[in-house]
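Novice: What follows is a predicted protein model with its sequence.
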Amino acid sequence: MPQPAVVFGGPSPEHDVSVLTGLQAARALGRPLAVYWAKTGDFCEVDPALEAGDFLEGPPRKAAPVRLVAGEGFVGRKRPLDISAIVNCCHGGPGEDGTLQAALDLAGLRYTGPTVAGAAIGMDKLAFGNVVSAAGLPSLPRAVGVPSFAGPYIVKPRWGGSSIGIEVAEDAETVDALLRSSAHLRGGAVVEPYLPDAVDLNVAVRTWPALELSAIEKPLRSTGSGILGFADKYLVGGSEGMASAPRELPADIPAALEKQVREAAGVVAELSGARGVARIDFLLDGERLYVNEINTVPGSLARYLWPGLSFEQLLRDLLDEAEQRPTHHYTTAGADGTALRSAGTIAGKLG
C-alpha cells in the first residue's frame, strides 16, 4: 500500500537544517518512508526514527541506496518504493530551486511545496524582486554586481537562503572585494541598500485546504548582528531549527501595518504561485514596509507560525494537497503530426 515519504538533506549549505526539518516531519507523521539526500548527491532510504547525530558523517549505518528514476520514482535494489506523496524538506540549493521538483515531476511522484516555476522564482532573489516591483509592491532596489546607488550595502547570494553568505559592505570597493572572495557570492549575487535600523516581519501562507495566512512574527536578533543571520534563525534557540528561535508572536504592530503586511503577502502568494507552506519576509524601516523574500520551503516548514494547528495536521494537509492538486499537467495537444508530414527530408532542410 502506498505510504507518504519525507525527503531531506541535499547538496546545499542548508543540508544540516534540512535534516532537522526532515526528522521532525518524520516523527510527526509516525513512520513514513524516509529518503536522505546526501551531500554527495546520493539518495538512500533510512530509518525515520534516527537522530540528527546519526547524519554527522553522511548516510547513517544500514542506509539502503535508492535511485530517482524517470517514470518510476525512487527505486531500491529490488523494486520502486511505494510512495503516495512526498513531503519535501530540502532547504536551499537543488532541493528548493526547482531542480528536485523537476526530477520528481519526471519520476511521476507527487510532492509538497512549490512547483518548478514557483521554486525557481522564489530562489532567484533578482527575479523575485523584479516580479514584486512590477506588481507595484514596495521593494528595495537590487543590483547585480557593484551598484550605482549609494551605500552602505547588503550583499546576498542570488540563489540561496537562510542568510548564509550574506555580508554588509560600507562602500562599492568592499562589495567588489566580497564578490571576488566569497565562495557563496562568486556564483551570483545581488546588492541592495542596507537599512541598519530596519526590523524583520514574517508571515506564513498555506494554500490547502484554502489560502490562509498565519499570525505575523517579529524575529528577534540575539547575536548582536546587524542582520537576521543564520545563527539567529537556527543556532540560538536550540536543536529545533527556526521553531525554537526567539521571536515576538504575534508581532506587536499597529493594526494598519498588520493590514498592509497581510494584503501584500496575499499578492506575493499569488504572484509566486505559492503552494504548500511558504514564509514571506518583510523589512520595516521606520514606517516604510518592503517586501524582502519568499521562502518556499521554510525551516521547520514554518510550523511555529501556526500555534493552533498541530504539526501532524499541517503535514497531512500538505500531503493531501500534493495528491489532490498535482504540480503539473503536460499536454501534447497540437502535436498531431502535421509538421512531420509536411517536413520533407531532413537532408533538404539542412540545405
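Specialist: That came through, no problem. Keep in mind that what you see is a predicted model, and the values were worked out from it rather than measured. Residues are numbered from 1 along each chain as shown.

Novice: switch to C-alpha atoms for all contacts and neighbour counts from now on
Specialist: OK.

Novice: Am I right that residue 103 is in contact with residue 73?
Specialist: No. Between residue 103 and residue 73 no contact is recorded; they are 9.2 Å apart, counting by Cα atoms under 8 Å.

Novice: and residue 80, what does it touch?
Specialist: 72-74 (Cα atoms under 8 Å, 6 or more residues apart in numbering).

Novice: Report the beta-bridge partner residues of it.
Specialist: Beta-bridge partners for residue 80, by DSSP bridges, are residue 75.

Novice: Roughly how far does it sit from residue 65?
Specialist: Note on residue 80: its distance to residue 65, by Cα to Cα, to the nearest Å, is 12 Å.

Novice: returning to that earlier point: turn the contacts of residue 80 into a markdown table, including pLDDT.
Specialist: Conversion of the contacts of residue 80 to a markdown table gives the following (pLDDT from 0 to 100):
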| residue | pLDDT |
| --- | --- |
| 72 | 96 |
| 73 | 97 |
| 74 | 98 |
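
Novice: top of those by neighbour count?
Specialist: Most neighbours among the contacts of residue 80, by other Cα atoms under 10 Å: residue 74, with 24 neighbours.

Novice: got a list of what that one touches?
Specialist: By Cα under 8 Å, 6+ apart, residue 74 lies in contact with 66-68, 80-81, 107.

Novice: In ChimeraX, select just the buried ones from those residues.
Specialist: To isolate the buried ones among the contacts of residue 74 in ChimeraX, judged by 16 or more other Cα atoms under 10 Å, type:
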select :66,67,68,81,107
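
Novice: Can you say which two of the contacts of residue 74 are spatially most distant?
Specialist: Farthest pair in the contacts of residue 74 (Cα to Cα) is 66 and 107. Separation: 13.2 Å.

Novice: between the contacts of residue 80, which is closest to residue 262?
Specialist: Using Cα to Cα, residue 73 comes nearest to residue 262 of these, at 38.2 Å.

Novice: Could you find the closest non-adjacent residue to the closest one?
Specialist: The shortest distance from residue 73 to any non-neighbouring residue, by Cα to Cα, 6 or more residues apart in numbering, is to residue 107 (4.7 Å).

Novice: Give me the pLDDT for the one you found.
Specialist: Looking at residue 107, its pLDDT reads 97.

Novice: do the same with residue 220
Specialist: pLDDT for residue 220: 86.

Novice: just residue 2 next, same as before
Specialist: On pLDDT, residue 2 comes in at 95.

Novice: Show me where the stretch 251-351 of the chain dips below the pLDDT cut-off.
Specialist: For the stretch 251-351 of the chain, no stretch is flagged by pLDDT under 70.

Novice: switch to 90 and redo it
Specialist: Applying pLDDT under 90 to the stretch 251-351 of the chain flags residues 328-330, 343-344, 347-351.

Novice: Check the stretch 51-200 of the chain too.
Specialist: Counting by pLDDT under 90, the stretch 51-200 of the chain contains low-confidence ranges at 77-78, 145-148, 150, 160-164, 183-184, 186-187.

Novice: what about the strands in it?
Specialist: With DSSP state E, counting those that start in this stretch as the criterion, the stretch 51-200 of the chain has strands at 64-69, 73-75, 83-88, 153-157, 167-169, 189-193, 199-206.
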